[in-house]
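> make a model of this:
(2 chains)
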2 protein chains.
Amino acid sequence: MRPIMSHKRVLYGYWRSSATYRVRIALNLKHLAYEQHLIHLLNNGGEQHLPLFSSINPNELVPVLIDGEVTLNQSLAIMDYLDEVYPQFPLIPKDLKSRYLVKALAQDIAVDIHPLNNLRVLQYLADDVGIETEQKQRWIQHWITQGFHALEKNLASTAGAYSVGNSITLVDLCLVPQVYNAERFNVDVSTFPTIDRVVQALRSHPAFIDAAPENQPDAN
Amino acid sequence: MRPIMSHKRVLYGYWRSSATYRVRIALNLKHLAYEQHLIHLLNNGGEQHLPLFSSINPNELVPVLIDGEVTLNQSLAIMDYLDEVYPQFPLIPKDLKSRYLVKALAQDIAVDIHPLNNLRVLQYLADDVGIETEQKQRWIQHWITQGFHALEKNLASTAGAYSVGNSITLVDLCLVPQVYNAERFNVDVSTFPTIDRVVQALRSHPAFIDAAPENQPDAN
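Predicted coordinates for the structure are as follows:
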């Protein structure tokens, strides 16, 4: 059950945005109530480009979190912030080595896989580079598969019930949305046994269910 | 003057890698001595793909830092780690709001600009998508220019002598290598007056001079 909001907390996002999905999971795990301001990335020429939103984030990318006096973009920064200010259900381990292992693995997904397959990149590839749908699919699959090969090797030695040991961490919050994308673009995730096993386990957690794209008010 | 090393500290990197360049600046600012292990990203089919390196980082990307018992990839995680363990010359402000402002701005560069123009992406665009040199140049310029437009708006309200206020932060460590790349691919940085001014100031700092690509042993 979510507590009553103590101050204004608003998440600007889009149901299918992986980066927004990560932040929804974090908010849910920490039982932090929030309003969703829905920014439709395709309608109206992309609502992220409208002045109402671009004045909040000139990068014209979701998510943006407003938490009382703090306005913050970048999902990694937002999750880091939430973990510091709301320490219930910690997402980053206390132990020095584990802490930075978790940060690096989360970044392996959020820096080296996801930005290459973002909507704006796929749009640019289609509209300006002029690649076909099939070639676009190959592009997406290439980067996800390459990243997952490395991640599978790493998780094979770090995973317990979840990506790193037996507690849910930042890595899991990046992994589940990335696997959602992988499946959407027909990457066979079952060829990555550790990733597959961890994601199956996470998907039954209420915080992850509640954050899933198909369960958002703007899903279609 | 660098102190004597208290334990083994090795940076695996490449002179022109922006992400390695960031970490070199951090190590210099903190007066931390280190050995460089040079991984040539083009020779021998890309030395990052050789087992010697891929066993250290299955992602086959530089940089990797070995600091005593800690082995860490991902430049953002490495800089964060260095700032925690070696607090001299802090790179991340103490104040909560400034701290996350700095992290988000650094990520605006390191997550949303740089990964799109990484060597492996440019190689894939040329070899697999089959785009021409001129179109590749347009690709690079597009993402840098788009990112710099947003960054310029943000820095116009955050910058003092440097990107955020009057102390050097993580943002500056990401900005200088990104501007190096921009100039390499003929983006006219003078059209971004705040970025241009801040980078001019940073370029005269010994830690930045010493970390510059052209001053590395593997530069050619």
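> surely residue A:12 is in contact with residue A:62?
Yes - using CB atoms under 8 Å, residue A:12 is in contact with residue A:62, at 5.6 Å. Just so you know, the C-beta spots here come from the backbone N, C-alpha and C atoms, and that holds for glycine as well.
> show me where chain A dips below the pLDDT cut-off.
For chain A, the stretches with pLDDT under 70 are A:1-6.
> show me where it has its strands.
Counting by DSSP state E, chain A has strands at residues A:9-13, A:35-38, A:64-67, A:70-73.
> out of those, deepest packed?
Across these, averaging neighbours per residue (mean count of other CB atoms under 10 Å in any protein chain shown) puts strand A:64-67 on top, at a mean of 23.
> and that strand, anywhere near chain B?
No - applying CB under 8 Å from any CB of the partner chain, one finds strand A:64-67 separated from chain B by no less than 9.6 Å.
> quickly run through the sheet partners of that strand, with directions.
In the sheet, strand A:64-67 lines up against strand A:9-13 (antiparallel), strand A:70-73 (antiparallel) (DSSP bridges).
> end-to-end on stretch A:210-220?
16 Å (CA to CA, to the nearest Å).
> give the buried residues for that stretch.
For stretch A:210-220, a neighbour-count test (16 or more other CB atoms under 10 Å in any protein chain shown) marks A:211, A:212, A:213, A:216 as buried.
> which one is the first one nearest to, not counting chain neighbours?
Which is residue A:211. Distances taken as CB to CB, 6 or more residues apart in numbering or on different chains place residue A:24 nearest to residue A:211, at 3.6 Å, with adjacent residues excluded.
> again, but for residue A:166
residue A:160 (4.0 Å).
> that neighbour: neighbour count?
Using other CB atoms under 10 Å in any protein chain shown, residue A:160 has 10 other residues around it.
> phi, psi of it?
phi -110, psi -120 (degrees, to the nearest 10).
> my read: it touches residue A:168, true?
No - shown here, residue A:160 and residue A:168 do not form a contact pair, counting by CB under 8 Å, at 10.8 Å.
> quick one, which of the strands paired with strand A:64-67 is nearest to residue B:48?
With CB to CB as the measure, strand A:70-73 is the member of those nearest residue B:48 (30.8 Å).
> wait, residue A:208 sits on residue A:25?
Yes - counting by CB under 8 Å, residue A:208 touches residue A:25, with 5.8 Å between them.
> which of the two has more residues huddled nearby?
Between residue A:208 and residue A:25, residue A:25 has the larger neighbour count (other CB under 10 Å), namely 26 against 22.
> isn't the more buried one right up against residue A:203?
No - the criterion here is CB under 8 Å, and residue A:25 misses it with residue A:203 at 11.2 Å.
> got any residues that touch both of the two?
Shared between the contact lists of residue A:25 and residue A:203 (criterion: CB atoms under 8 Å, 6 or more residues apart in numbering or on different chains) are residues residue A:176.
> ok so, going back, export the strands paired with strand A:64-67 to TSV and tack on distance to residue B:67?
Listed next are the strands paired with strand A:64-67 as TSV, based on distance: least, CB to CB, whole Å:
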stretch	distance to residue B:67
strand A:9-13	36
strand A:70-73	29
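> got phi/psi on the residue of chain A most remote from its centre?
Distance from the C-alpha centroid of chain A, by CA atoms, centre = their mean, peaks at residue A:130 (27.8 Å). The phi and psi values for residue A:130, taken as degrees, to the nearest 10, are phi 80, psi 30.
> how near is it to chain B?
9 Å (CB to the nearest CB, to the nearest Å).
> and that residue, how far is that from residue A:163?
38 Å (CB to CB, to the nearest Å).
> with residue A:68 instead?
According to CB to CB, residue A:68 and residue A:163 sit 31 Å apart.
> so which of those two has more stuff around it?
residue A:163 (30 against 11).
> contact partners for that one?
A:105, A:155, A:169, A:171, A:172, A:175, A:198.
> now do the buried residues in the longest helix seen in chain A.
Longest helix in chain A by number of residues (criterion: DSSP state H): helix A:133-158. By neighbour count on 16+ other CB under 10 Å, the buried set for helix A:133-158 is A:136, A:139-148, A:150-155, A:158.
> let's have the strands of chain A in JSON lines, adding distance to residue B:92.
Shown next, in JSON lines, are the strands of chain A (distance: least, CB to CB, whole Å):
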{"stretch": "strand A:9-13", "distance to residue B:92": "24"}
{"stretch": "strand A:35-38", "distance to residue B:92": "29"}
{"stretch": "strand A:64-67", "distance to residue B:92": "19"}
{"stretch": "strand A:70-73", "distance to residue B:92": "14"}
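> grab the nearest non-local neighbour of residue A:19.
Residue A:19 sits nearest to residue A:75 (CB to CB, 6+ apart), 4.0 Å away.
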